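Colleague: Below: sequence and its predicted model.
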Amino acid sequence: MNVDFLVQALHRGDARSVARAITLVEEGDAGGTAILEQLDRERIEQALLIGVTGPPGAGKSTLCAQMIGQLRDRDLRVGIVAIDPSSPLSGGAILGDRVRMMRHALDPGVAVRSMATRGRLGGLCSAAGAAVRIMAASGCRVVLLETVGVGQSEMDIVALADITIMVLAPGFGDEIQAMKAGILEVADLLVINKADQPGAQRLRLDMAAALRDPGDRQQRILETVASEGRGVTELLDRIFLLEEALRDGGALERRRRRSRELETLDQALELLREPLRQRIRDRNEKTRDPRELAREIVERMVIMPAQAARNDDEHGS
Amino acid sequence: MDKRYRVLIGKPGLDGHDRGAKFIARALRDAGFEVIYTGIRRTVDEIAAAAIQEDVAAVGLSSMSGAHMRLFPAVVEALARAGGADIPVLGGGIIPDEDIPALKNAGITAIFTPGTPIDTIIEAFRAACRTHLGQQAR
Ligand SMILES: Nc1nc2c(ncn2[C@@H]2O[C@H](COP(=O)(O)OP(=O)(O)OP(=O)(O)O)[C@@H](O)[C@H]2O)c(=O)[nH]1
Ligand SMILES: [Mg+2]
């Protein structure tokens, strides 16, 4: 696998190269890291990452398909990363979000990639951020990241995305009650989808009760009927206005810095997992308390070498 | 299974019966595969484009309407046009025995009929993925 060749083709927007690059990263292949190093930073900087989350069946994929259509009308290239959970039993997964987006299958300006969480806690897979950067570098002005909102995953997507939209639908009323107030506060936009359905009025009231500030309600709640494309123009207009404000005020840069920090931390912990497991086995301790042992291993592995390096620096210069 | 095999299950053509396709998709998931399911009534070019974007190691097709002689080879051709000539295609459905040699000649890696045990089908997908990824690594 010639990395330079792949990177060149990827930057030309070649679909197969984009797909291969994402696989290499997902598999933890060394070539994947080399590719990520060479991606067009400017394109990544210019792209907008929109996180789309919400309960199962709320209409996230249908809404994404509608957004794709309208973004294409605005002549923008679009990438979609759709994440579904892996089965905890077999490790396999059925990735079905693409079904709703097939009408864009033959459009070279639309790249869709389905990914499974692969046992990572929360709803995102560890390669999600990298997949998004690959799509952005390939020329996608907007990348949509769809993930089912269960438990911690909603917060994962908020941490990763530039702008997060939470898609809700009638029939999930009780879930709003149960939903940690957290996500309602941190999602940038709250979309009431299936506004054509009987329970929409009830959902409106619940949302209004959850957001007490009238200005907040006005600015952050929208309604859509994704299956008919209603409300989608307004949603995109709102998203781009928000993007402008976030870029101008420097908030976007701050969000991205935090997202990079988190991904680095995640990845570092992931890389430590195996060497740590090995050390624990090697120590073969039978009596020491696990917490104490953990502290000691981490101290020897990370903290002491860091101190030694600092001492070397001081003496060496 | 050390590597996660990614496969696409699709239904080309106009017939709307996807029970077979969904059954295979679930069986593959339960065997540890990641299955991209593209739904019913797809054109062969849509299936090929999806297979490329998803970088799958194999494509599985289902046909219940008797159009397999036209549709299965058409997917092989569409894949080749899209730059995925190396991706193996497997097919199943209501397929008379006498059609099998012609389908194999047209480049279909394995054919399943209603009598094929599910374990045989899973093993065929596993073998196709293993071969494909082995060739790719070289
Ligand atoms: N009545 C109505 N139905 C809708 C609307 N939007 C989506 N649906 C339907 O809701 C069902 C679920 O839609 P999806 O887009 O698959 O929902 P999702 O949130 O992506 O689902 P998961 O990915 O499985 O969590 C489909 O049958 C859609 O046709 C809407 O605005 N109104
Ligand atoms: Mg979906």
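Modeller: Now that the structure is in, tell me what you want to look at. Ligands and ions are numbered 1, 2, ... in the order given.

Colleague: Could you check how many residues crowd around B:Arg41?
Modeller: 14 (other CB atoms under 10 Å in any protein chain shown). All C-beta atoms are positioned from the backbone trio N, CA, C, and that covers glycine.

Colleague: So it is in contact with B:His17, correct?
Modeller: No - the criterion here is CB atoms under 8 Å, and B:Arg41 misses it with B:His17 at 10.8 Å.

Colleague: what residue lies at the spatial centre of chain B?
Modeller: In chain B, the residue lying closest to the centroid (CA atoms, centre = their mean) is B:Gly60, at 1.3 Å.

Colleague: hey, what's it bridged with?
Modeller: B:Ile9, B:Leu90 (DSSP bridges).

Colleague: So it versus B:Thr131, what's the distance?
Modeller: According to CB to CB, to the nearest Å, B:Gly60 stands 15 Å off from B:Thr131.

Colleague: Need the per-residue pLDDT for the residue nearest to the centre of chain B.
Modeller: At B:Gly60, the model reports a pLDDT of 97.

Colleague: And B:Ile118, by the same measure?
Modeller: Reported pLDDT for B:Ile118: 96.

Colleague: ok, now which ones touch it?
Modeller: Listed by CB atoms under 8 Å, 6 or more residues apart in numbering or on different chains, the contact set of B:Ile118 reads B:Ala27.

Colleague: Then A:Leu63?
Modeller: A:Leu63 neighbours (CB under 8 Å, 6+ apart): A:Val52, A:Val167, A:Val191, A:Asn193, A:Thr224, A:Ala226, A:Val232, A:Leu235.

Colleague: how about the nearest residue to the last one, chain neighbours excluded?
Modeller: It stands for A:Leu235. Excluding the flanking residues, the one nearest A:Leu235 by CB to CB, 6 or more residues apart in numbering or on different chains is A:Leu222, at 5.5 Å.

Colleague: for the host helix or strand of the one you found, packing partners?
Modeller: A:Leu222 is part of strand A:221-223 when elements are defined by DSSP states H and E. The contact analysis (3 or more CB pairs under 8 Å, 6 or more residues apart in numbering or on different chains; DSSP states H and E) places strand A:221-223 against strand A:189-192, helix A:200-210, helix A:232-249.

Colleague: related to what we said a few turns ago, for the residue nearest to A:Leu235, list each beta-bridge partner.
Modeller: Taking DSSP bridges as the rule, A:Leu222 bridges to A:Val191.

Colleague: Distance check, it against A:Asp312.
Modeller: Taking CB to CB, one finds A:Leu222 at 57 Å from A:Asp312.

Colleague: Which residue of these two possesses the greater neighbour count?
Modeller: Using other CB under 10 Å, the more surrounded residue of A:Leu222 and A:Asp312 is A:Leu222, with 18 against 10.

Colleague: about what we covered before: just the residues contacting the strand holding A:Leu222, thanks.
Modeller: In contact with strand A:221-223 (CB under 8 Å, 6+ apart) are residues A:189-193, A:195, A:200, A:204, A:207-208, A:211, A:231, A:234-235, A:238.

Colleague: hmm, back to that, let me know which of the helices and strands packed on strand A:221-223 is the nearest to B:Gly66.
Modeller: Proximity to B:Gly66 (CB to CB) singles out helix A:232-249 among the helices and strands packed on strand A:221-223, at 39.9 Å.

Colleague: Please see if the closest one touches ligand 1.
Modeller: No - counting by CB under 6 Å from any ligand atom, no contacts exist between helix A:232-249 and ligand 1, the nearest distance being 10.1 Å.

Colleague: Mind checking what helix or strand follows that helix in sequence?
Modeller: By DSSP H and E, the next helix or strand past helix A:232-249 is helix A:251-283.
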